[in-house]
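> Turn this into a model:
(chains A, B and C)
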Amino acid sequence: MTDEQVLGHADECDGIEEFDNPSPTWLNLMFLGTFVYAIFYFGWWHVWGNRSQAALYDAQVAAAEAAAPPEAKVALEVTPETVAAGQKVYTANCQGCHAADLTGATGPNLVDETWIHGGALEEIQQVIANGVASKGMPGWKPIIGEAKVNQVAAFVYDRSHQP
Amino acid sequence: MTATHPEPAGNAEAQGRAPSSVAYDDWIVKAFVVATLLWGFVGMLVGIYIALELPFWPANLDSPYLTFGRLRPLHTNAVIFAFAGNVLFAGIYHSMQRLLKTRMFSDALSQIHFWGWQLIIVAAAITLPLGLSQGKEYAELIWPLDIAVAVIWVVFAVNFFGTIAIRKVKHLYVAIWFYMSMVLTIAMLHIVNNLALPATLTRSYPIYAGMTDALVQWWYGHNAVGFLLTTPFLGLMYYYVPKTANRPIFSYRLSIIHFWALVFLYIWTGPHHLLWSGLPDWVQTLGVVFSVMLWAPSWAGMLNGLLTLRGAWTRLRNDPMIKLWVVALTFYGMSTFEGPLMSIRDVNSLSHFTDWTVGHTHSGALGWVGMAAFASVYYIVPDIWKKKLYSRDLINLHFWLGTAGIVLYVVPLWVAGITQGLMWKDLDASGNLVHGAFMDTVRVLLPLYWLRLLGGLLYLGGLVVMIYNLVKTVRGEAAEPAAVPAPAK
Amino acid sequence: MSVESPYAWHRRLFEGRAAVFAITATLVAAIGGIAEIAPMYSATLGPKPMEGITPYTPLELAGRDIYVREGCYNCHSQWVRPFRDEVKRYGEWSRAGEYAYDRPFQLGSRRIGPDLMRVGVRLPSVAWHYEHLMDPRKVVPQSIMPRYPWLAEDRLDPEDVRASVATMKKLGVPYSDEDVAKVPEQIAEQGGAIANSLKESGIEVAPDSEMVAMIAYLTRLGVEGHQALAAREGDK
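Next up is the predicted model:
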């Protein structure tokens, strides 16, 4: 660094001297590169690309629908498998309102004798799938999908029809 | 309360107009240093408390005044405007008088600035826990306080430009450029973002609605980072790094390029806080590309600092103040790489809304702003009080506590952010959420929150060591005359 | 030994002239903000209110002010991004026009808790919200959210709410003079309905309590947008 010379401004900088080294080449290239990226990326989205986040989302949904195998159908039936799977769904989504032991909290008790909307397996499944808007019960089919609705219906039916 | 410093020999004669000695106002610098340490401690302590509330909800104590939602704004406002703000004012009042070879334009304005700013901080510390808030992140203060901030800022600006007007040197050093851009741009950001119509004495509604309000807010929010936590701290760097290392600045021309590039590019980057939102796509894209373009100019600032220190590498081992600057500049470089990275749409889709963002903020805040502030204050205190520094070993201890604290803070939050981001996105083969219960994605974070709390405690511990060291310094023996010229009484 | 920099022009042009420097630096910094914010007010480039989105009722507005006061935005976003997982979890992704009457905006930046953009669609139960605000762990066992019991105790001041509605009206939110005049009646009516609904679940709370206002706000969040977007989907 012996060839470095200060600019001689120190008298105006409280004694601080300054070299005038050139900016490192790699930094200049990096700066230039980001400008090229900026122009290209903006153009790719808005000039020749005509991209939009709405279109991207629609494309992702379409691709997922095309690629994903149709959801494994879970028949609406009470089997040890559906009950076990339904219990997990219940713990994750339902016990907040209906309590871990299904005795109800802000949502009604599911294991007493009373069925507000009917206690048949199909009726339970319909209430879970479509909800009861006036009482604050959401329709779960769009949220968790039909398979899980069937599983949790099986679980609720099983627990509420214990001997 | 003032001291005179003899001019460097020969300069006054060469200039033919500067007086042979200037009586600097050191009282104002001392005042802002004390305020820095006090509010730094308070602000970080509140940070520790809210870091405890996350893994341990009973710490909210069922009290309206202590909930996370009310205390977090107190933490952010305290560390940004009280800690960082006061240290900037201390550094600016200290360095600009010496760089411009003149006492401040008006001591009265300096004191109004000091007491006004502290009063605003006290008012903020009272109103925010009371729930008096505008509800805009980093701009929570209610409208009467916003007006007070604007008034005090104008007082500061008049004093600042008045001092420039009566300067005894012709050319302005690079540190002054950065201070200048802060004084002007923060005024613009603060006023525009807070334009609102009052409904009551404590409540107002912004003149902007919905997405426009969001855009204005993040234009403000990101540039509070840019023009309060970055450019003026670079100004401090340009003064205290060459002073501490006793080395010339690496490159004058680099300082010109990165100054103008930062000032121009920074202001466009706000929309990167609103990627994948209802903001028009093209505004989002501007936020992305300007953030990426900001990478190189930011690194230019880091390099100019680090390469200035290059002549002092041998002192790196035993001079803890050089170490503080090296860590500060390294974290500046890391954060200004991470920031553009997180502004890329695809990365942002994972990182946004997670602790990765919080970790990023703190690697900049604790690493760059904090360490640069500490290094500056360690220079200022012995210089202003004319005392010998009490203990270099304690600075070394502070350095290690601080550095370990940052690592222990930032790394768990990276892990937390990426983990939670991936869990949210996880879809099974049939397109259903794997972690449908939100709480499943929170529970996994709790151990990491305890680690983060420990990191914060170490960092705060470092500050306590600093305060002890500086109190001992001020009460300790006077500096040797050779180190600092004896003040003329 | 000293040299002259090839950048000496900068020294002559700016560094010796503080006023020129200051004005130039301000203008350079102003460009980006103007370029991004001004188009928000253009009819073609800026966001437009979505059809079907109505202003908050006075009670809902009071609830929103409480949401702001408690700093809910520090942990909850109101912003569903256009990703499959977010739409699955939270409902339709957020459009700019849905926020038309939001002052201040409450998009949030960190989801310590879940997104609330469409919480009114997902959790329409007033009793659920009451229990959740009184003690979140009663309905979400592992929640880390604080309790908000004071909301059930503290009452609204209708004149205070009226000041808010009147201010919003001045800012251009389409409230009628009658809306402003009848703020206390509106609070009593909507608050009474919610309080009655809570009573059916065995919960006693005053119709003019902050709790009721908060529930009014939360249960309406995202509902209109959801309906408007569903109708749009139906048109296809």
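
> Backbone torsions only: list them for residue C:224.
Main-chain torsions, residue C:224, degrees, to the nearest 10: phi -60, psi -40.

> for residue A:157, what are its contacts?
By C-beta atoms under 8 Å, 6 or more residues apart in numbering or on different chains, the residues touching residue A:157 are A:78, A:119, A:121, A:124. Any C-beta I mention is one placed from the backbone N, CA and C, and that applies to glycine too.

> in the lengthiest helix in chain A, what's buried?
In chain A, with assignment by DSSP state H, the single longest helix is helix A:25-46. Within helix A:25-46, the residues scored as buried using 16 or more other C-beta atoms under 10 Å in any protein chain shown are A:27, A:30-31, A:34, A:38, A:41-42, A:45-46.

> and that helix, anywhere near chain B?
Yes - residues of helix A:25-46 contacting chain B under C-beta under 8 Å from any C-beta of the partner chain: A:27, A:30-31, A:34-35, A:37-38, A:41-42, A:45-46.

> Show me what that helix is packed against.
With contacts defined as 3 or more C-beta pairs under 8 Å, 6 or more residues apart in numbering or on different chains; DSSP states H and E, helix A:25-46 has these neighbours: helix B:281-293, helix B:295-309.

> pLDDT at residue 45, what is it?
No chain in the question, so chain A it is. In this prediction, residue A:45 carries a pLDDT score of 96.

> wait, chain B
98.

> got it, and the one 10 residues further on?
For residue B:55, the pLDDT comes out at 98.

> Could you find the closest non-adjacent residue to it?
Excluding the flanking residues, the one nearest residue B:55 by C-beta to C-beta, 6 or more residues apart in numbering or on different chains is residue B:449, at 4.0 Å.

> Chain C contacts on chain A?
Proximity of chain A to chain C, by C-beta under 8 Å from any C-beta, involves residues A:5-8, A:20, A:53-54, A:56-57, A:60-61, A:64, A:95-97, A:100, A:105-107, A:133, A:135-138, A:143.

> so where does the residue nearest to the spatial centre of chain A fall, helix or strand?
With distances taken as C-alpha atoms, centre = their mean, residue A:143 lies nearest the centre of chain A, 10.9 Å away. Using DSSP states H and E, residue A:143 maps to helix A:141-144.

> Against which helices or strands is that helix packed?
Judged by 3+ C-beta pairs under 8 Å, 6+ apart, the packing partners of helix A:141-144 are helix A:80-93, helix A:121-130.

> then the last one to PDB, C-alphas only?
These are the backbone C-alpha positions of helix A:121-130, laid out as PDB (Å, rounded to 0.1, in the frame of the first residue of the first chain):
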ATOM      1  CA  LEU A 121     -74.000 -40.800  10.700                       C
ATOM      2  CA  GLU A 122     -75.100 -39.000   7.500                       C
ATOM      3  CA  GLU A 123     -76.600 -36.200   9.500                       C
ATOM      4  CA  ILE A 124     -73.500 -35.600  11.600                       C
ATOM      5  CA  GLN A 125     -71.400 -35.600   8.500                       C
ATOM      6  CA  GLN A 126     -73.700 -33.000   6.800                       C
ATOM      7  CA  VAL A 127     -73.500 -30.600   9.800                       C
ATOM      8  CA  ILE A 128     -69.700 -30.900   9.900                       C
ATOM      9  CA  ALA A 129     -69.400 -30.500   6.100                       C
ATOM     10  CA  ASN A 130     -71.700 -27.500   5.700                       C
END
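
> just checking, what packs against that helix?
Contacts defined by 3+ C-beta pairs under 8 Å, 6+ apart place helix A:121-130 against helix A:141-144, helix A:146-160.

> Run the chain-centre distance for it.
Distance of helix A:121-130 from its chain centroid, counting by C-alpha atoms, centre = their mean, to the nearest Å, is 25 Å.

> and if you look at the first one?
Between the centre of helix A:80-93 and the centre of its host chain there is 21 Å, according to C-alpha atoms, centre = their mean.

> What mean pLDDT does the next helix or strand after that helix get?
The element immediately downstream of helix A:80-93 (helix or strand, assigned by DSSP H and E) is helix A:95-98. Averaged across helix A:95-98, the pLDDT comes to 82.

> Equivalent analysis for stretch B:464-481, please.
Summarised as a single mean, pLDDT over stretch B:464-481 is 92.

> tell me, which helix in chain C spans the most residues?
Chain C, longest helix under DSSP H: helix C:18-37.
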